[in-house]
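S.K.: structure, please.
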Amino acid sequence: MDFGITAVGAYVPRLRLSRAAIAAAHRWMAPALGAGAKGERAFCSWDEDAITMAVEAARDCAAPGARDGIRALTLASTTLPYADMSNAAVVAGALDLASSVRASEATGSQRAATTALAQAIEARAEGALIVASERPMAKPASAQEMALGAGAAALRLGTGELIAKVLGAASVNAAFADHVRAVGAASDYGWEERWIRDEGYAKIVPQAIAAALAQADVAARELAHFVMPSPIRGAAAAVARAVGFKGEVADDLSAGCGLTGAAHAFLMLAKVLETAEAGAKILLVGFGQGADAIVLEATGRRPAGRGVTGALADRVPTEDYLRMLSFYGRIELEWGMRAEAPDKAALTNAWREAEQLSAFKAGRCPDCGTIQFPQLAFCVTPGCGAHADRFAQVSLADQPAKVLTYTADWLSFHPAPPLVVGFVQFENGARLLMETVDADPAAIDVGVPLRMVFRLKKADPRSGFRRYFWKATPDANADRL
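M.R.: Numbers count the residues shown, from 1 in each chain. Just a heads-up that it's a prediction; the model follows:
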């Protein structure tokens, strides 16, 4: 039975900063940046990281009712928030996956995601979910600051109804240093581009491609799509020519997103699979201390989620360069005394209430049907009083919702003022006071459709422990309720 990709998902942060705004901010000392000031780059809000983006990409890949068959979750990233705590376990909890699902991480290289994919292919890992998520940082006024973006993509593997079947895969290991980021460093140290192109891409990648094509019994001229992310302009096209490829070099998504590190190969592949015709052969390449090459054949079946196209279209443009610097911790702002409140994380409560906090589970009373969050010891309906032990568990994460009340608060401390908060009315009857993110206060009104997103609530500066929870955001794809 054919083995391959059964589902695809993608996420790109809604915030987009024009490269012209970046270049304008540095014109006084780096006027040459203006030459690359085209398009826009995606960047994370203050409450987004590799974990939250991974959750969103996985949700786009696997709807709640289609997650029972997931047996393993691999989170690939080089910008994980935790060095010694399972980032993948947090993602699994937010997705409400079974405790028997193996959760692990792949990291340390820009090809972490493609290597994880190649390993899963070799093992024919039925029900494997591989999520690549990256929040790269760069020094202000650097070329990388202009080129980088942020995003995540997810692939689910198995048999049955495939979006793309695997024909072959191969890897080459090489301790070739194109760039390096030491532990604790905020940004990469890159080497000279010509050296990387001529000694890295030109010599290492073709070895992996030749091995993968031989395993697949496919000639380079038979390939329709060539997918290889690279920060070096023209590198993908040069490698494609060198191996005899005659088809289409995939869009690198630089115009509306930017390079998303270890996640970018999956993002580019997800975009190709949205339109690839049945029978079209695709070559996916990952580069970084070696290379991975994977040969796929599209079936013509389309991904079910909103995908890359939908994620790129759902955007909040800005010209505020300092906003990005603040969200990425590159500048320290004076927030006033309201920002000085202590916030020691309660690790015990995070465990005891994990189902409510991570999976966003509300309780439905078996007697009166009231849905309540948070879940108290007894039903809150006057005259009912059913014990919480009898409650049915109902997820609010994917429940349609709308704005019931709202306010834009400029007085309370918030890293992205104003704090937009108010009651959210869920379609199933639940009602909850929630924060609304990535929203123009002028566009928020009663009845505006909302969807739930998994975000960082607060980070404890003492322990480094991060508290995650669900927030609301305007749903551009829903009809006004």
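S.K.: what separates I444 from L404, distance-wise?
M.R.: Look at I444 and L404: by C-beta to C-beta, to the nearest Å, they are 12 Å apart. Glycine gets a C-beta too; all of them are placed from N, C-alpha and C.
S.K.: cool, and F454?
M.R.: 22 Å.
S.K.: between the two, which is the more surrounded one?
M.R.: F454 (27 against 17; other C-beta atoms under 10 Å).
S.K.: skip the chain neighbours and tell me the closest residue to K38.
M.R.: R19 (6.1 Å; C-beta to C-beta, 6 or more residues apart in numbering).
S.K.: quick one, what contacts the one you found?
M.R.: The neighbours of R19, taking C-beta atoms under 8 Å, 6 or more residues apart in numbering as the test, are G36, A37, K38, G39, E40, R41, M146.
S.K.: measure it to C44 for me?
M.R.: Counting by C-beta to C-beta - R19 and C44 are separated by 17 Å.
S.K.: kindly report the same for V55.
M.R.: 13 Å.
S.K.: what about the two, which has more around it?
M.R.: V55 (29 against 25).
S.K.: and that one, what is it in contact with?
M.R.: Counted by C-beta under 8 Å, 6+ apart, V55 has contacts V91, A94, L95, F454.
S.K.: again with D320
M.R.: Residues near D320 by C-beta under 8 Å, 6+ apart: L17, A21.
S.K.: got a pLDDT number for it?
M.R.: With respect to pLDDT, D320 scores 96.
S.K.: likewise for C365?
M.R.: So, for C365, pLDDT stands at 95.
S.K.: how near is the residue lying closest to it once chain neighbours are set aside to A132?
M.R.: Leaving aside its chain neighbours, C365 sits nearest to C379 (4.3 Å; criterion: C-beta to C-beta, 6+ apart). According to C-beta to C-beta, C379 stands 43 Å off from A132.
S.K.: which of these two has more neighbours?
M.R.: A132 (32 against 24).
S.K.: neighbour-wise, which one of the contacts of R19 leads?
M.R.: R41 (25 neighbours).
S.K.: how is that residue assigned, secondary-structure-wise?
M.R.: strand (DSSP: H, G, I helix; E, B strand; the rest coil).
S.K.: which residue is the nearest non-sequential neighbour of it?
M.R.: Among residues not flanking R41 along the chain, G258 sits closest, at 3.7 Å (C-beta to C-beta, 6+ apart).
S.K.: neighbours of the one you found, just the number please.
M.R.: Neighbours of G258 using other C-beta under 10 Å come to 28.
S.K.: confidence score at it?
M.R.: 96.
S.K.: name the residues that touch stretch 171-181?
M.R.: 78, 115, 118, 187-191, 196, 199-200, 204, 207-208, 211, 287-293.
S.K.: repeat that for 6 Å
M.R.: 118, 188-191, 196, 200, 204, 207-208, 289-292 (C-beta atoms under 6 Å, 6 or more residues apart in numbering).
S.K.: now stretch 291-306
M.R.: 8-9, 60, 111, 114-115, 118, 162-165, 167-172, 204-205, 208-209, 212, 216, 218, 276, 278, 280-286.
S.K.: any idea how far V420 lies from V91?
M.R.: In terms of C-beta to C-beta, V420 sits 26 Å off from V91.
S.K.: show me which of these two is the more surrounded one.
M.R.: V91 (30 against 24).
S.K.: so for A92, what's the nearest residue that isn't a sequence neighbour?
M.R.: In this structure, A92 finds its nearest non-sequential neighbour in A103, 4.6 Å apart by C-beta to C-beta, 6+ apart.
S.K.: touching, that neighbour and L75? I think so.
M.R.: No - using C-beta atoms under 6 Å as the test, A103 is too far from L75 to be in contact (7.6 Å).
S.K.: those two: who's more crowded?
M.R.: Applying other C-beta under 10 Å to A103 and L75 shows that L75 carries more neighbours, namely 32 against 20.
S.K.: list the buried residues in stretch 318-331.
M.R.: Y321, R323, M324, L325, S326, F327, Y328, R330 (16 or more other C-beta atoms under 10 Å).
S.K.: just curious, which of those residues is nearest to A386?
M.R.: Taking C-beta to C-beta as the measure, A386 lies nearest F327 of these, at 43.8 Å.
S.K.: which phi and psi values does the nearest residue to the closest one once chain neighbours are set aside adopt?
M.R.: Nearest non-adjacent residue to F327, counting by C-beta to C-beta, 6+ apart: W46, 4.5 Å away. W46 adopts backbone torsions of phi -60, psi -20, taken as degrees, to the nearest 10.
S.K.: burial check on W46, number of neighbours?
M.R.: Using other C-beta under 10 Å: W46 sits among 17 other residues.
S.K.: which parts of this structure are helices?
M.R.: 19-25, 50-61, 87-94, 112-122, 143-147, 193-195, 202-216, 235-242, 264-273, 307-313, 321-327, 347-352, 354-359 (DSSP state H).
S.K.: pLDDT of the second one, averaged?
M.R.: Averaged over helix 50-61, pLDDT sits at 98.
S.K.: again, but for the fourth one
M.R.: Model confidence over helix 112-122, given as mean pLDDT, is 98.
S.K.: quick one: buried residues of it?
M.R.: Quick answer for helix 112-122 (16+ other C-beta under 10 Å): A112, A113, T114, T115, A116, L117, A118, Q119, A120, I121.
S.K.: try the first one
M.R.: By neighbour count, with 16+ other C-beta under 10 Å as the criterion, the buried positions of helix 19-25 are R19, A20, A21, I22, A23, A25.
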